[in-house]
Structures are given as C-alpha cells and as structure tokens.
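Student: below are the sequence and a predicted model; questions follow.
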Amino acid sequence: MGGLTFTLLAKPQKASVQTSAMAWDGLGRILKAEGAKVLVMIVSLWLVLASYHEVVILGFIGTFILSVVIFSTAIFLRNPVSLEADKNNVN
C-alpha cells in the first residue's frame, strides 16, 4: 500500500519546457509522497497490531523491517547492459 501511495502522489506533471522551478516542484512532490508512504506504512502496522492480539510482535516487526529494506534497496539491483554488440541477452 505504501508503494501505491507513493506512485499516486509522485506522478510527474506534463510540461513542454523544463525549468529549475519544475525540478524543485518535482523534488517536493517526491518528498511529500515519501512521507505519505511512511505514514501509510505506520498506520497499516498499527492496524494489524490493534486487530490481531495473538501476533508475535518481535517476529512481525522484524519481518516488516526486512521487507521495507528489501523493497527500498531493489532499485540498486539493475541488469547491466553492455554497449558492445552481442554481449546483451536482448534480441
């Protein structure tokens, strides 16, 4: 849900001319979307803990933190593309 919130709030605006003010607006939009994502994650975590009284808190919080770290570091795992012909797996 946090990723969906981020995606909906961080949508770029269409414009024909790029200016530095638009770059700052985009950065502000991304920071607000990140804050909203964190808020949605905290509220979701609170709802689960309030609803399920038999949850193992240490395991649940540990798994939650691990999943947040894995999803946030996924951007660093890229498929390297070589500039040389016949070195890529793309046909």
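Tutor: Noted; the coordinates are in hand. In this text, all values refer to a predicted model and were calculated from it rather than measured experimentally.

Student: correct me if wrong: residue 60 contacts residue 48.
Tutor: Yes. The pair residue 60 and residue 48 qualifies as a contact (CB atoms under 8 Å) at a distance of 7.3 Å. All C-beta spots, glycine's among them, are computed from the backbone N, C-alpha and C.

Student: any idea how far the lengthiest helix in the chain is from the middle of the chain?
Tutor: With secondary structure taken from DSSP state H, the chain has its longest helix at helix 20-51. Between the mean C-alpha point of helix 20-51 and the mean C-alpha point of its chain there is a distance of 9 Å (CA atoms, centre = their mean, to the nearest Å).

Student: what's that helix packed up against?
Tutor: Helices and strands touching helix 20-51, by 3 or more CB pairs under 8 Å, 6 or more residues apart in numbering; DSSP states H and E, are helix 2-9, helix 57-73.

Student: lowest average pLDDT across those helices?
Tutor: Out of the helices and strands packed on helix 20-51, the stretch the model trusts least by mean pLDDT is helix 2-9, with a mean of 79.

Student: name the residues of that helix that are buried.
Tutor: The neighbour-count check on helix 2-9 (16 or more other CB atoms under 10 Å) flags 2, 5, 6 as buried.

Student: nearest to residue 66, of these?
Tutor: Ranked by distance to residue 66 (CB to CB), the buried residues of helix 2-9 are led by residue 2 at 14.7 Å.

Student: so that closest one touches residue 41, yeah?
Tutor: Yes. With contacts defined as CB under 8 Å, residue 2 counts as touching residue 41 at a distance of 4.5 Å.

Student: pLDDT weak spots in this structure?
Tutor: In the predicted model, the chain carries pLDDT under 70 at residues 13, 15-18, 74-91.

Student: mind telling me what element residue 55 is part of?
Tutor: With elements delineated by DSSP states H and E, residue 55 resides in a region that no helix or strand encompasses.
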